[in-house]
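>>> Provided below are the primary sequence and the corresponding predicted coordinates.
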Amino acid sequence: MTQPPTSHPRLLAWIDEVAALTTPDRIVWCDGSEAEWTRLTDELVETGALVRLDEKKKPNSFWARTDPSDVARVEERTFICSVDEADAGPTNNWMDPAEMKQLMTGLYRGCMRGRTMYVVPFCMGPLDAVEPMFGVELTDSPYVVASMRIMTRMGTDVLAALEQTGADFVPALHSIGAPLLDGAEDVAWPCNETKYISHFPETREIWSFGSGYGGNSLLGKKCFALRIASVAARDEGWLAEHMLIMKLTSPEGVVRYIAGAFPSACGKTNLAMLEPTLDGWKVETVGDDIAWMRFGEDGRLWATNPEFGLFGVAPGTDFHTNPNAMRTLAKGNSVFTNVALTDDGDIWWEGMGEPPAHLTDWKGNDWTPQSEAVSSHPNSRFCTPIEQCPILADEYHDPRGVPIDAILFGGRRKTTIPLVSEARDWVHGVYLGATLSSETTAAAVGQVGVVRRDPMAMLPFIGYHAGDYFQHWIDMAKGASGDAAKLPKVFYVNWFRRGDEGQFLWPGFGENSRVLKWVCERLDGKADAVETPIGHVPTPEALDLTGLDIDPADLAAALRVDPNEWQAEIPQVTEWFTKFGDKLPAVLWAELDALKARLADA
Ligand code: GTP
Ligand code: SPV
Ligand code: MN
């Protein structure tokens, strides 16, 4: 073992304890340097875990294939181990913390044999924040270390700051759960059939076992920045949310900051990096997945992006849909997981123009355009440094963040939900978030395309009782010191409504700038809207459709509020709210009653 580069007592004690339990062959302290990245990726190429891409096409970039069973978050295996079961609420899996620790200690015993345990000190958000949010991940996966270097600020500077400030850190233990026994040959993607992604909210700890996949293993992301942080946020009066953050500048130079919560694989990355089709409008990216938001002394809600990279859905990404993602990736320094490999050392996935005549697919098999299966897993991902994004906003680096003008909730719904509507007020906005629904996607293991409630796009990420979480959202309004004008306005969008032939009614992507313009005009009190039972919806004339070739019938269908479709939602929302018992804030029941009354009058 190399000499520990720190004297941090709690850190050293924890590492000793984990090493004694997991018995790795060696311990490596990660410094976050370029040399370390090169050493790690060279080793991973050597063992066959990574394939180096062509230097001219994707410099310093790599192709990874997971075990076919380890491709997404495992919600069924994700646990909130609060002391009191009631604190996990009806939307989380729960196990008693002592019981879970006992069970997982059994799994961890000797699990790093034959492997290296890496110590990864990381910081979520800028190191010069007033209260930097530190974590330390211990992992036996060099793939995870390489990915953490992209996704978080990590290494020597973080360790030094951790020591200097004497700040606390979130201990995050990860093992792929695949000890390498004497003389045994390793596989390209070791993992374990048994998986546990466990969170201990009271002690702010994370224990992950068995999976090497993104959301299960890069513990700074969903585990820390959402599940653990949401608990801290509840206690301290802020919000940790599954949201993109964008800066939007109008042709007149007016700047607006917009946050958006859409469930996994429902369009955050794409909206955050959007290239407007409307002349003179400019989008800059602050974040694409996670927003930490607190009220400032000015009574406005300020948002920061705690991440350092983008872990984006690959399929569907190309120069027509998300050119800024393509430009980011062209700069290299990226890891691509479960996409297809071209014969000339580049990557390809569904949606990226014409397929080449031959590929190696995500399972390592030959693939041609005649193949029946897709070449890339639907949840294949690119992992790339956010600082390479050509439209990254300067404010990304500012630890104070940006003041949010509007919050968009949205989901993937074939029916019912119009292209955009505006909440009547804050509590109605919270109602819209609390009843958010979306068709499930490949981002989590399980059935795809089933409508489920995904409150604030946080269903898999709320670290406590969702009823308390709704109350917390309602209470947040107090941060605006009674000045409702300072609260973000809430909107609900749906880019995914379909017509009779199954076609998307709205072209989406860059054309979503037309919806953003309407949102800005509503903030200015300018744009027209009709008051419907569900909120304010634009008239077709209120949307700027300059240069857009859209069938007026499709547009009308995209904007339609059909009372019958909405009536059908009522029993589902009632059933959803009933789950929360006494914890469901009464004002949300009142919102549902008011909606029923408005629908009855419609
Ligand atoms: P996570 O990283 O899982 O949290 O997802 P995300 O919300 O960032 O989703 P992302 O932007 O990566 O989009 C997921 C999928 O939806 C991709 O295949 C996109 O091509 C597709 N998509 C995004 N925006 C639109 C849109 O406006 N219209 C349509 N039809 N598809 C879209
Ligand atoms: C999501 O599923 O919402 C993601 C990908 O952003 S993962 O990090 O794998 O959770
Ligand atoms: Mn996400």
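Structure's in. What do you need? The model shown is predicted, which means the values in this text are computed figures rather than measured ones. Ligands and ions are numbered 1, 2, ... in the order given.
>>> first vs last residue of stretch 369-376, how far apart are they?
12 Å (Cα to Cα, to the nearest Å).
>>> Is that stretch positioned near ligand 1?
No - judged by Cβ under 6 Å from any ligand atom, stretch 369-376 and ligand 1 are separated, with a smallest distance of 10.7 Å. For glycine as for every other residue, the C-beta is placed from the backbone atoms N, C-alpha and C.
>>> mean confidence score for that stretch?
Averaged across stretch 369-376, pLDDT comes to 98.
>>> Repeat that for stretch 484-496.
Per-region confidence: stretch 484-496 scores 97 on mean pLDDT.
>>> now the end-to-end length of that stretch.
In stretch 484-496, first residue to last residue: 31 Å (Cα to Cα).
>>> With stretch 20-37 instead?
End-to-end span of stretch 20-37 (Cα to Cα): 27 Å.
>>> mind checking how far it is from the chain centre?
27 Å (Cα atoms, centre = their mean, to the nearest Å).
>>> can you tell me the distance between the two ends of stretch 103-112?
Across stretch 103-112, first to last residue, Cα to Cα, it's 17 Å.
>>> If we go by neighbour counts, what in that stretch is buried?
By neighbour count with 16 or more other Cβ atoms under 10 Å, stretch 103-112 contains the buried residues 103, 104, 107, 108, 111, 112.
>>> now, which of the residues you listed lie within helices?
Members of the buried residues of stretch 103-112 lying in helices (criterion: DSSP state H): 103, 104, 107, 108.
>>> In a markdown table: these, plus distance to ligand 1 and pLDDT.
Formatted as a markdown table, those follow (distance: Cβ to the nearest ligand atom, whole Å; pLDDT from 0 to 100):
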| residue | distance to ligand 1 | pLDDT |
| --- | --- | --- |
| 103 | 29 | 98 |
| 104 | 26 | 99 |
| 107 | 27 | 98 |
| 108 | 28 | 99 |
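>>> Just give me the closest of these to ligand 3.
Relative to ligand 3, the closest of those is residue 104; by Cβ to the ion it sits at 24.8 Å.
>>> tally of neighbours for the nearest residue to the closest one once chain neighbours are set aside?
Computed as Cβ to Cβ, 6 or more residues apart in numbering, the closest residue to residue 104 that is not its neighbour in sequence is residue 207, at 5.3 Å. Other residues lying near residue 207 total 26 when counted by other Cβ atoms under 10 Å.
>>> Distance check, residue 207 against residue 139.
Using Cβ to Cβ, to the nearest Å, residue 207 is found at 12 Å from residue 139.
>>> Could you tell me which residues of this protein lie near ligand 1?
Close to ligand 1, as judged by Cβ under 6 Å from any ligand atom, the chain has residues 262, 264-270, 288-289, 312-313, 315-316, 321, 443, 495-496, 504, 508-509, 512.
>>> okay, and the common contacts of residue 207 and residue 139?
Counting by Cβ atoms under 8 Å, 6 or more residues apart in numbering, residue 207 and residue 139 have no common neighbour.
>>> who touches the longest strand belonging to the chain?
Assignment by DSSP state E gives strand 116-124 as the longest strand of the chain. With Cβ under 8 Å, 6+ apart as the test, strand 116-124 has contacts from 15, 18-19, 22, 24-30, 132-142, 144-145, 148, 152-155, 158-159, 161-162, 169, 220, 224-225, 229, 306-307.
>>> from the residues you listed, which would you call buried?
Among the contacts of strand 116-124, those classed as buried by neighbour count (16+ other Cβ under 10 Å) are 15, 18-19, 22, 24, 27-30, 132-142, 144-145, 148, 152-155, 158-159, 161-162, 169, 220, 224-225, 229, 306-307.
>>> So which of the residues you listed are in strands?
If you go by DSSP E, the buried ones among the contacts of strand 116-124 have 27-29, 133-139, 153-154, 169 in strands.
>>> now residue 266, nearest residue through space, not along the chain?
Using Cβ to Cβ, 6+ apart, the closest residue to residue 266 is residue 412 (4.9 Å).
>>> How about the residues of this structure by ligand 3?
When proximity is defined as Cβ under 5 Å from the ion, the chain approaches ligand 3 at 264, 289.
>>> quick one: low-confidence ranges for the chain?
1-2 (pLDDT under 70).
>>> Spatially central residue in it, please.
residue 289 (3.8 Å; Cα atoms, centre = their mean).
>>> Tell me how many other residues crowd the residue of the stretch 51-200 of the chain found nearest ligand 3.
Closest approach between the stretch 51-200 of the chain and ligand 3, counting by Cβ to the ion: residue 73, at 8.9 Å. Residue 73 has 22 neighbouring residues, counting by other Cβ under 10 Å.
>>> just the one 3 residues further on next, same as before
Burial of residue 76 is recorded as 12 neighbouring residues (other Cβ under 10 Å).
>>> Can you classify the residue nearest to residue 529 when sequence neighbours are not counted by secondary structure?
Residue nearest to residue 529 in three dimensions, not counting chain neighbours: residue 536, with 3.8 Å by Cβ to Cβ, 6+ apart. Classification of residue 536 using DSSP: H, G, I helix; E, B strand; the rest coil returns strand.
>>> follow-up on the earlier one: wait, doesn't the residue nearest to the centre of the chain sit right on residue 271?
No - with contact defined as Cβ atoms under 8 Å, residue 289 does not count as touching residue 271 (11.4 Å).
>>> Need the overlap of contacts for the two.
Residues touching both residue 289 and residue 271 (Cβ under 8 Å, 6+ apart) are residue 244.
>>> Quick one: name the residues of the stretch 101-250 of the chain near ligand 2.
Residues of the stretch 101-250 of the chain lying near ligand 2 by Cβ under 6 Å from any ligand atom: 214, 215, 221, 222.
>>> What of the chain?
Residues of the chain lying near ligand 2 (Cβ under 6 Å from any ligand atom): 73, 214, 215, 221, 222, 264, 289, 311, 443.
>>> ok, these vs residue 368, which is closest?
residue 443 (27.7 Å; Cβ to Cβ).
>>> residues near that closest one, how many?
Residue 443 has 22 neighbours, counted by other Cβ under 10 Å.
>>> pull the CA atoms of stretch 594-601 into PDB?
Taking C-alpha atoms only, stretch 594-601 is exported to PDB below (Å, rounded to 0.1, in the frame of the first residue of the first chain):
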ATOM      1  CA  ALA A 594     -60.500  21.900  -7.600                       C
ATOM      2  CA  LEU A 595     -59.400  20.100 -10.800                       C
ATOM      3  CA  LYS A 596     -62.400  17.700 -10.600                       C
ATOM      4  CA  ALA A 597     -64.700  20.700 -10.200                       C
ATOM      5  CA  ARG A 598     -63.100  22.500 -13.200                       C
ATOM      6  CA  LEU A 599     -63.300  19.400 -15.300                       C
ATOM      7  CA  ALA A 600     -67.000  18.900 -14.400                       C
ATOM      8  CA  ASP A 601     -67.700  22.400 -15.600                       C
END
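>>> so how far is it off the chain centroid?
Using Cα atoms, centre = their mean, the offset of stretch 594-601 from its chain centre is 34 Å.
>>> contact partners of that stretch?
Contacts for stretch 594-601 (Cβ under 8 Å, 6+ apart): 431, 533, 534, 563, 566, 567, 570.
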